[in-house]
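Enquirer: Generate a structure from the sequence data that follows.
(chains A, B, C and D)
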2 protein chains.
Amino acid sequence: MSVTIKDVAKQAGVSFSTVSKALRNSPLVTEKTKKKILNVAKEMGYQPNNLARSLVSKKMWTIGVVWPSVERVTLSALITQINIRLEKYSYTTLLSINKVESAIEAFNRIQVDAILVFDDLEGTFINTAPISNVPLLYYGISDHQIYPTVDANRGKAISLAVEHLIHLGHEHITYIGDVSTKDPLQEQKVEGFIKTMNSFGITVKDHMLIRTNNMDLYSGYSSAKKALLNESERPTAVICGSYDITRGLLRAVNELNINIPDELSIISYDHIPQMAELNIPVTAVGVPLMTIADYITKQLLLLSEKKEIPNVISLDPELIIRSSTSNKR
Amino acid sequence: MSVTIKDVAKQAGVSFSTVSKALRNSPLVTEKTKKKILNVAKEMGYQPNNLARSLVSKKMWTIGVVWPSVERVTLSALITQINIRLEKYSYTTLLSINKVESAIEAFNRIQVDAILVFDDLEGTFINTAPISNVPLLYYGISDHQIYPTVDANRGKAISLAVEHLIHLGHEHITYIGDVSTKDPLQEQKVEGFIKTMNSFGITVKDHMLIRTNNMDLYSGYSSAKKALLNESERPTAVICGSYDITRGLLRAVNELNINIPDELSIISYDHIPQMAELNIPVTAVGVPLMTIADYITKQLLLLSEKKEIPNVISLDPELIIRSSTSNKR
DNA sequence: CTGTTAGCGCTTTCAC
DNA sequence: GTGAAAGCGCTAACAG
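Expert: Below you'll find the predicted structure:
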């Protein structure tokens, strides 16, 4: 078996509780003995048993993330950011690709300190809402009352986009996004689009709402091409539902030799740094990625310390104007 | 604090060890008392503490997977399959998106039963080879001597592809794949291509080796289009380095109205079921996904039980002929 | 069959 | 400062 605290104690000629203290760098141990113990420990190749440690301290220093099956640039970027932040507080981030319920069950089994649920895909979480002894944070829509939720107000973000375009004089505005699934997060964006358009007295006709099969680059590309090909019906502005779709749109725009923003204004959901690094820096709406990461991390940290957090953390989307939007010519 | 085995014992009027036995469904307990205990436990909302359980049993029933940063269809499919198999043996699969070393460290901290490393991206693992107390399995190339490795023999697979095409009479064969990174797994494919071509006396000229920026669909699409546009220099057969690239190629082929296999034969790396479900069922080479999943799972299970496994598990790639390849016309 | 007794490896009082 | 003792929640001999 592997070397334990007792073995080290015996070897160093001290009691095992002193070893424990030395290892935890307690001030109750002389520097001298501390040094000695640390040396012996290293020599013997001592590795702490974190299960035992956690059993008494009730802390695993681990956060579980329930990861939806499909990868999108924004989501991975978000998890990466959260991971970075949590690392600074010495937490490890672990992901599960299992279904929401069994993922939560697994994280309960290994007793993580908190669970983050991205139920980005089918909204099953809201309906089934499994039980968890471990504190849980949900990133999605806050129209349920079960677990604390971080809500990025996607509908409001799209409203911001519409308003911006209308103020620039656009009326023929098209929304390209994934509206094929039952994903409530995507539905919220579409709703925001239709409602805001209506509020300005504009009826959203069929060709102004383009459905892609999913949120990836190629879907965006082919849908966009279709929408832009017919020059007489071409919109003067487009709102994209995600970063990936915007990338697809830009490819199409490039191939068709359409000038941005003179012939077409583009605005996109997803307030991420990458948006500024595209061929044309793209005007965007949404809660800044870093802000979302900050808030989620903060709540996760609080939950890990068994602290109470508000049931809804509602984040305000922002509009960041870049060179892809201009007055209607 | 939460309810423990002792609380249940007190409530049920038995000793706590009897409760332990009842919970583990031991035959040493009467059905009657077992029933009673189970009831009381449920009423009290008893949840086992798996840390304590693991502390004595030395088993976490968890496998850690070190996940490379980029998602590719094949890799996710593979992990999904492994996950399914492990679940059947009551193991949970947990992923880490951290760098190889810190991921391994994290999995050691929470004491998983085994670690699987997909170091698909930069080959850092082979060079740095971190220490792990937990048994570790590496999925990649077996030219190192540090940890047991499952090797899918990617070079041999591409050889198979070349041979097949040559036997069909093709000579102007182009390989499309990701050769931009230092990923040794991709390099192996390219090497296999060049060597085998040479062995048939064919020199691989520049235009016969197309580099995509990465392995995704759009890269495949645009590279393929470029390669196929010039009709006079167009190859009679193409080998794709991955499923995603093949999908991209098929889009390009479709747009350019090229007939498969009459005008162009296509063969792809990645022996996965999805390959048969494309517009044109595509001839493929590689170790069948399910076979890889079977082997990896088997080794992982053995490692979890502290059993010895061979240092190299070399899997034989297969050729599966579908309708995308034919004799050169 | 059921209960008693030891631990698993560690942290944390509390004496010395 | 250091050590002895108790206990985290559970499993696994060992008695009865």
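Enquirer: from here on, contacts and neighbour counts on C-alpha atoms
Expert: OK.
Enquirer: Check the burial of the closest residue to A:E263 other than its chain neighbours by counting its neighbours.
Expert: With Cα to Cα, 6 or more residues apart in numbering or on different chains as the criterion, A:E263 has its nearest non-adjacent residue at 6.6 Å, and that residue is A:T236. Neighbourhood size, A:T236 [other Cα atoms under 10 Å in any protein chain shown]: 22.
Enquirer: Just the pLDDT for A:T236.
Expert: We have a pLDDT of 96 for A:T236.
Enquirer: what's the distance between it and DNA strand D?
Expert: Taking Cα to the nearest atom of the strand, to the nearest Å as the measure, A:T236 falls 64 Å from DNA strand D.
Enquirer: same check, this time on A:R247
Expert: In terms of Cα to the nearest atom of the strand, A:R247 sits 51 Å off from DNA strand D.
Enquirer: Please name the bridge partners of the residue nearest to A:P135 when sequence neighbours are not counted.
Expert: Distances taken as Cα to Cα, 6+ apart place A:A114 nearest to A:P135, at 5.1 Å, with adjacent residues excluded. In this structure, A:A114 bridges to A:I63 when assessed by DSSP bridges.
Enquirer: who touches A:A114 in this structure?
Expert: By Cα atoms under 8 Å, 6 or more residues apart in numbering or on different chains, the contact set of A:A114 is A:T62, A:I63, A:G64, A:V134, A:P135, A:L136, A:L137, A:L300, A:L303, A:S304.
Enquirer: so where's the stretch 1-150 of chain A uncertain?
Expert: A:1, A:69-72, A:120-129, A:145 (pLDDT under 70).
Enquirer: Close to DNA strand C: what parts of it are there?
Expert: Within the stretch 1-150 of chain A, the residues that sit near DNA strand C (Cα under 7 Å from any atom of the strand) are A:1-2, A:4-6, A:16-18, A:20-21, A:23-24, A:47-50, A:52-53, A:55-57.
Enquirer: and the residue of the stretch 101-250 of chain A nearest chain B?
Expert: A:R109 (5.9 Å; Cα to the nearest Cα).
Enquirer: With chain A instead?
Expert: Counting by Cα to the nearest Cα, chain A gets nearest chain B through A:L95, at 4.8 Å.
Enquirer: Just list the residues touching the residue nearest in space to the middle of chain A, thanks.
Expert: In chain A, the centroid-proximal residue (Cα atoms, centre = their mean) is A:L78; its distance is 3.8 Å. Residues near A:L78 by Cα under 8 Å, 6+ apart: A:L289, A:M290, A:I292, A:A293.
Enquirer: Would you mind writing the CA trace of the helix or strand harbouring it as PDB?
Expert: Take DSSP states H and E as the rule and A:L78 turns out to sit in helix A:73-88. What follows is helix A:73-88, C-alpha atoms only, in PDB (Å, rounded to 0.1, in the frame of the first residue of the first chain):
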ATOM      1  CA  VAL A  73     -17.500  27.800 -29.400                       C
ATOM      2  CA  THR A  74     -19.100  30.100 -26.900                       C
ATOM      3  CA  LEU A  75     -19.900  27.400 -24.400                       C
ATOM      4  CA  SER A  76     -16.400  25.900 -24.400                       C
ATOM      5  CA  ALA A  77     -15.000  29.400 -24.100                       C
ATOM      6  CA  LEU A  78     -17.200  29.900 -21.100                       C
ATOM      7  CA  ILE A  79     -16.200  26.700 -19.400                       C
ATOM      8  CA  THR A  80     -12.600  27.400 -20.100                       C
ATOM      9  CA  GLN A  81     -12.900  30.800 -18.400                       C
ATOM     10  CA  ILE A  82     -14.800  29.400 -15.400                       C
ATOM     11  CA  ASN A  83     -12.100  26.700 -15.100                       C
ATOM     12  CA  ILE A  84      -9.400  29.300 -15.100                       C
ATOM     13  CA  ARG A  85     -11.100  31.200 -12.300                       C
ATOM     14  CA  LEU A  86     -11.900  28.200 -10.200                       C
ATOM     15  CA  GLU A  87      -8.300  27.100 -10.500                       C
ATOM     16  CA  LYS A  88      -7.200  30.300  -8.800                       C
END
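Enquirer: Fine by me, thanks again.
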